[in-house]
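Enquirer: Let's see this in three dimensions:
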Amino acid sequence: MASIEVNAVRQREGNTDSPSVLQTFETALKDVLMAKRLSQSKMSTLTDIALKCMDNDVQMVSLLYRTQKGLSPSAKGSNLYVIDALARAARHRVVKQNITGDLASGKGNCATFLLRIEGILDGLFQDLLSTHSDELKEKAKKILDIWTKQNTFPSAVLSPLYLLLKDAGNDKGAYDLSNRLAKYTFHAIPFTCRASDQKREI
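Expert: Numbering: from 1, shown residues only. Purely as a prediction, here's the structure:
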């Protein structure tokens, strides 16, 4: 993420409109995440704003990533839905307008936005799984299924994320077994040694 932010400064230097546009995006993002329930109208507003400031793809992706780290488990799920909405909207525009992305370019677009989102997905999913929430894992699985079906991201990007979820499930199984075993108390069992005819304990 550090390299992303360094490049952001270099690539957007001199763009006086960026602060106000990004502030609008950040405010709309907070409106969505701080609401008690996900609002479709607020999500639509956020998506419209994001599509209008794709020039600032680096800053938007960086903001989404940083925001995720400080959220409660329930809000992390909402942030995942935000990323899903923005990614699918960007993919729709890429396909419709035949947009190509060049990360070396000084100007972002929907295609570069998707490429940069790809770069943070592993970290985002690791953060989601760190909550040990079965509900979040289920939501993450559903999002991956949607992305797979709609070709939002390449399979090479999504396959490792499926593996993360699978490994997290295996780890939870081992964790639950350990907790169940910990509830039992193991006592010494006497047995008779025929050679000495004495009782010993193990």
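Enquirer: pLDDT below threshold where in the protein?
Expert: Scanning the chain for pLDDT under 70 picks out 1-19, 170-202.
Enquirer: residue closest to the middle of it?
Expert: Most central in the chain under Cα atoms, centre = their mean is Leu124, positioned 2.9 Å from the mean C-alpha point.
Enquirer: Tell me which helix or strand it sits in.
Expert: For Leu124, the host element (DSSP states H and E) is helix 110-129.
Enquirer: what's the angle from the next helix or strand after that helix to helix 110-129?
Expert: Remark: after helix 110-129, the chain's next helix or strand is helix 134-150, criterion DSSP H and E. Orientation of helix 134-150 against helix 110-129 (axes from the mean of the first three to the mean of the last three Cα atoms, to 10 degrees) gives an angle of 150 degrees.
Enquirer: Go ahead and confirm Cys39 touches Val32.
Expert: Actually, residue 39 is Ser rather than Cys. Yes - using Cβ atoms under 8 Å, Ser39 makes contact with Val32 at a distance of 6.8 Å. In short, each C-beta sits where N, CA and C put it, glycine included.
Enquirer: higher neighbour count, those two?
Expert: Legend: neighbour count by other Cβ atoms under 10 Å for Ser39 and Val32, higher for Val32 (21 against 13).
Enquirer: Tell me the buried residues in stretch 158-170?
Expert: Of the residues in stretch 158-170, those buried under the neighbour-count criterion (16 or more other Cβ atoms under 10 Å) are 158, 161-162, 164-165, 168.
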